[in-house]
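Novice: Provided below are the primary sequence and the corresponding predicted coordinates.
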Protein chains: 2
Amino acid sequence: MKTRHLVILFGLTALAAAPMTMAATSAGVHGANLPLIFLFLGIMLLAARIGALVERIGQPAVLGEILMGVALGAFAFIPVLHDSITGLVAEPFIIGIAEFGAILLLFRTGLESNIREMARVGVVAFFVAVVGVVLPFAGGYFGGQWLMPGLDWKAYLFLGATLTATSVGITARVFSDLGFSAAREAKIVLGAAVIDDVLGLLILAVVSAIAVTGTISLPVIAVLTGKAFGFLAISLVLGALLAPRLGALFSKIHTGVGMKMSLALFFCVAYAYGAAAFAGLAPIVGAFAAGLVLDPVHFRNFAAPRIATRLRGWADRLMGDASLADELKDEATREEYHSIEETFDKIALFFVPVFFVLTGLQVNLAVFADPRIVLIALGITAIAFAGKALCGWAARGDVNKKIIGVGMIPRGEVGLIFANVGRQIGVVNDELFAVTVIVVILSTLLTPPLLSTLIRRRSKAPTATPAVATA
Amino acid sequence: MKTRHLVILFGLTALAAAPMTMAATSAGVHGANLPLIFLFLGIMLLAARIGALVERIGQPAVLGEILMGVALGAFAFIPVLHDSITGLVAEPFIIGIAEFGAILLLFRTGLESNIREMARVGVVAFFVAVVGVVLPFAGGYFGGQWLMPGLDWKAYLFLGATLTATSVGITARVFSDLGFSAAREAKIVLGAAVIDDVLGLLILAVVSAIAVTGTISLPVIAVLTGKAFGFLAISLVLGALLAPRLGALFSKIHTGVGMKMSLALFFCVAYAYGAAAFAGLAPIVGAFAAGLVLDPVHFRNFAAPRIATRLRGWADRLMGDASLADELKDEATREEYHSIEETFDKIALFFVPVFFVLTGLQVNLAVFADPRIVLIALGITAIAFAGKALCGWAARGDVNKKIIGVGMIPRGEVGLIFANVGRQIGVVNDELFAVTVIVVILSTLLTPPLLSTLIRRRSKAPTATPAVATA
């Protein structure tokens, strides 16, 4: 409690003092308002940690982080703070940190899976993805006409497109929070999310083209499609070829954690850049692909010298007790295996929460004022939920279809990006935008508890899975 | 080598492809050029690690990082890349990461020292600082008139002011690279650097006021002075009172590394903000003060549960061997002691190098074209070196006066900030600005090797210190 009060009190005074800093800026000292931005970042990080305490009541940390973000956003209603907060939320530095967090999260998620496993779920994931794109798109297009009639037909196209792309970030985070990332369901959802991200971005590109030109241009669609699938194919094949050589290269490096860390990060951002620059995909897709390619096994010789050598030292001293010596040696090896993920987690611990706090902060609570909008939004949300939840049934084999379906529900940054594009083109009006925002919020807020409940029930009664699936 | 080529090749192609990304941006996808910025960040991090290999030839890593920055900057001469690179170097996200690195570095430096130790060197540090401000200011004012006559008298005032502030970042980094941070000389230099940063920023404020108004306004000067010293006094006293309660609070927290990390970071950015917003000081001064207040001892119970408990487990299993059990227990405790600094270093490992690579990148190599400017710059640099080197003689007691003097030489971001302010006011012309840049570069590049040589000589022959001091 004390901590929370500390944060809020300081936050208030500090943000209220923002004008002073701005004055300092006008005084001409380069980047003089950076201190305020850093302070805001500090508040976000602390808020994230406080929000993460929901883990104690069995909720995934990500939910608490988003809610703390929403709570911080509420301070924008205080006149003195409004400008500072709205300004800070739009700061390139803050947005950059958050987006980098999303990229690290997807890279990390990719590292936990690997291509062979992905291929094993490839077909299932593909079916799940296609159904999970077709249903919400149709639902959005027709449901939109039914719930909010009188809009331009292109607006309904956009609404449909907005509902297609799963924001794998939330789901990935819930899975990793609950240690479920290795499960087959997780692999299917993540695979499907990547595929439907590709499909969704294709639909966006196509719909935008239609909205701008007013007609459908086949060549454009063909090029967009080719680039998207081309990137994934090339990057995965290239990666599969490159990975062993990289592994050899990495194992040759003995200049400590830093060098391998930088190489891994470089690989990650290079893929993220490639996805965006050469295929027009979301950078997180590239980061995920990089993680897929860069199996942790390639970091086997990743240096954790201090711990490893110390443990080895004891092992030698203890040769008398062979069993313990072995245990310590295993320990030392495990340390090496884990060291990249540990180092990564330390850095991710800094960046990832910012993404989710910012997601909460970007919620404009004012849209809840108009009850009509809220009712329409609830209707669209129901469609969005149903569209994805049903796609779980496209999954075959002994898997929990519910977990897959629910895991596909979250809409996040991608959905908001779609809505933004539509708004910029002039097809999506403020009401439709508000609706999209609410859908994203609800799908983001309701999925984690729903998903963790399902996962817990499954892990409690694994034999009951088929029953649950057909329930 | 392979790695370096990899980076450069990829960097070239990627940066050359930048236009594509920009096109994507114009397509309206929010933050679509972030991937390029992230890629650039990845290149900077990898370049920093490669530069850090100079440690193998006994040079501090910071020198290699700055030089790699200069090398990356050279790519700006390639027409295709020029716009991308100059644009990326000015990106708020990149600058933010670098500045945050500087803050983390000074916070870390502050953590290593503590108030009582600072007070012990306070008087000496104060004399060193005053002499180290007066000499370069006078040198800049009169030397400037001699070397580049015909400028406005206010221009010489600015040149003098530009030479006053030591960029403690470089020195702090060299000290920590060589494990010299605990030495009395290091404490004096860091203390003096903080004081002369305060004095320097006062002089800047005063000189700016004079340059703008054309006259000297005593009230303004009084207010500025009061605010600056007020902040330091209040923050240190407040911190001294707060620290124990914080320690108690921290020791109550058992929610893992994240929470304490966030609290520490919050404390750091809060002080950095306070320095800038309420006292018009450089945020790094606030970060350093925060580190001073937040002695590592307050993180004694900082959780490193995984390692600590495992080691405890073995200790119990081994009670037969008391000595080893104790050793393991000590090990577990040490782990706890170290854990905050480890976690910090992992995060610092990410941010700090970016600051130094960017410093190198910001060097506009074009200024070296005009030999006249270079000659003048060398003259001013000589004055800048002498002015600070001599202030070491103001230090009393059995300390190495040379290390202190040379440790005060580096001019960095603060000097460049001063030059920028003068340029914005219209007092500093392009030639004078170029000169300042060169002085900053040379003082930054030449100090680390000079300093590390002196430190090595001293640590080799500690008894010879007085001899060296009077040499």
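Specialist: Noted; the coordinates are in hand. Numbering: from 1, shown residues only, chains lettered A, B, ... in the order given.

Novice: How much space separates residue A:405 from residue A:228?
Specialist: 25 Å (CB to CB, to the nearest Å). (C-beta placed from N, C-alpha, C; glycine too.)

Novice: More neighbours: which of those two?
Specialist: Set residue A:405 next to residue A:228 and count neighbours by other CB atoms under 10 Å in any protein chain shown: residue A:405 wins out with 26 against 22.

Novice: so how far is the helix or strand containing that one from its chain's centroid?
Specialist: Here residue A:405 is covered by helix A:401-407, with elements defined by DSSP states H and E. Helix A:401-407 has its C-alpha centroid displaced from the chain centroid by 17 Å (CA atoms, centre = their mean, to the nearest Å).

Novice: Check which element follows it along the chain.
Specialist: Downstream of helix A:401-407 (by DSSP H and E), the next one is helix A:413-425.

Novice: before we move on, the earlier item: in terms of secondary structure, what does the helix holding residue A:405 contact?
Specialist: helix A:168-177, helix A:184-213, helix A:371-391, helix A:430-460, helix A:465-470 (3 or more CB pairs under 8 Å, 6 or more residues apart in numbering or on different chains; DSSP states H and E).

Novice: deepest of these, which one?
Specialist: helix A:168-177 (a mean of 26; mean count of other CB atoms under 10 Å in any protein chain shown).

Novice: Next one: residue A:357 from chain B, what distance?
Specialist: Applying CB to the nearest CB, to the nearest Å, the value for residue A:357 to chain B is 11 Å.

Novice: er, residue A:450 actually
Specialist: In terms of CB to the nearest CB, residue A:450 sits 25 Å off from chain B.

Novice: could you give the mean pLDDT of stretch A:391-402?
Specialist: Per-residue pLDDT values over stretch A:391-402 give a mean of 81.

Novice: got it, and stretch A:452-469?
Specialist: Mean predicted confidence for stretch A:452-469 is 61.

Novice: So what touches the helix holding residue A:405?
Specialist: With CB atoms under 8 Å, 6 or more residues apart in numbering or on different chains as the test, helix A:401-407 has contacts from A:128, A:171, A:174-175, A:185-186, A:188-189, A:192, A:388-393, A:395, A:447, A:450-451, A:454-455, A:458, A:468-469, A:471.

Novice: Just the CA atoms of it, as CSV, please.
Specialist: The C-alpha trace of helix A:401-407 is given here as CSV (Å, rounded to 0.1, in the frame of the first residue of the first chain):
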residue,chain,number,x,y,z
LYS,A,401,-10.4,-27.0,-28.3
LYS,A,402,-11.6,-24.5,-25.8
ILE,A,403,-8.1,-23.4,-24.8
ILE,A,404,-7.2,-23.0,-28.5
GLY,A,405,-10.3,-21.0,-29.3
VAL,A,406,-10.1,-18.7,-26.3
GLY,A,407,-6.4,-18.3,-26.8
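
Novice: contacting residues for residue A:152?
Specialist: For residue A:152, counting by CB under 8 Å, 6+ apart, the contacting residues are residue A:427.

Novice: Now it. Its backbone dihedrals?
Specialist: Note on residue A:152: backbone dihedrals following degrees, to the nearest 10 are phi -60, psi 140.

Novice: any idea how far the spatially most central residue of chain A lies from residue A:104?
Specialist: Nearest to the mean C-alpha position of chain A, by CA atoms, centre = their mean, lies residue A:169 at 2.0 Å. Counting by CB to CB, the separation of residue A:169 from residue A:104 is 11 Å.

Novice: Could you check the pLDDT of the one residue in the stretch 301-450 of chain A that gets nearest to chain B?
Specialist: In the stretch 301-450 of chain A, the residue that lies nearest chain B is residue A:346 (4.0 Å; CB to the nearest CB). For residue A:346, the model assigns a pLDDT of 79.

Novice: Helix or strand for it, just tell me which one.
Specialist: According to DSSP H and E, residue A:346 maps onto helix A:322-361.

Novice: Could you pull up the residues touching residue A:92?
Specialist: With CB under 8 Å, 6+ apart, residue A:92 has these contacts: B:91, B:92, B:93, B:96.

Novice: about what we covered before: separation between the residue of the stretch 301-450 of chain A closest to chain B and residue A:42?
Specialist: 17 Å.

Novice: next one: residue A:442
Specialist: 30 Å.

Novice: How about residue A:223?
Specialist: According to CB to CB, residue A:223 and residue A:42 sit 45 Å apart.

Novice: Could you do residue A:197 as well?
Specialist: For residue A:197, the distance to residue A:42 equals 32 Å [CB to CB].

Novice: How about residue A:291?
Specialist: 29 Å.

Novice: Just the buried ones from the contacts of residue A:92, in PyMOL syntax?
Specialist: Here is the PyMOL command that picks out the buried ones among the contacts of residue A:92, judged by 16 or more other CB atoms under 10 Å in any protein chain shown:
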select buried, chain B and resi 91+92+93+96
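
Novice: need the contacts of residue A:92 in TSV with secondary structure and pLDDT, can you?
Specialist: TSV is the format used below for the contacts of residue A:92 (DSSP: H, G, I helix; E, B strand; the rest coil; pLDDT from 0 to 100):
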residue	secondary structure	pLDDT
B:91	coil	87
B:92	helix	88
B:93	helix	92
B:96	helix	91
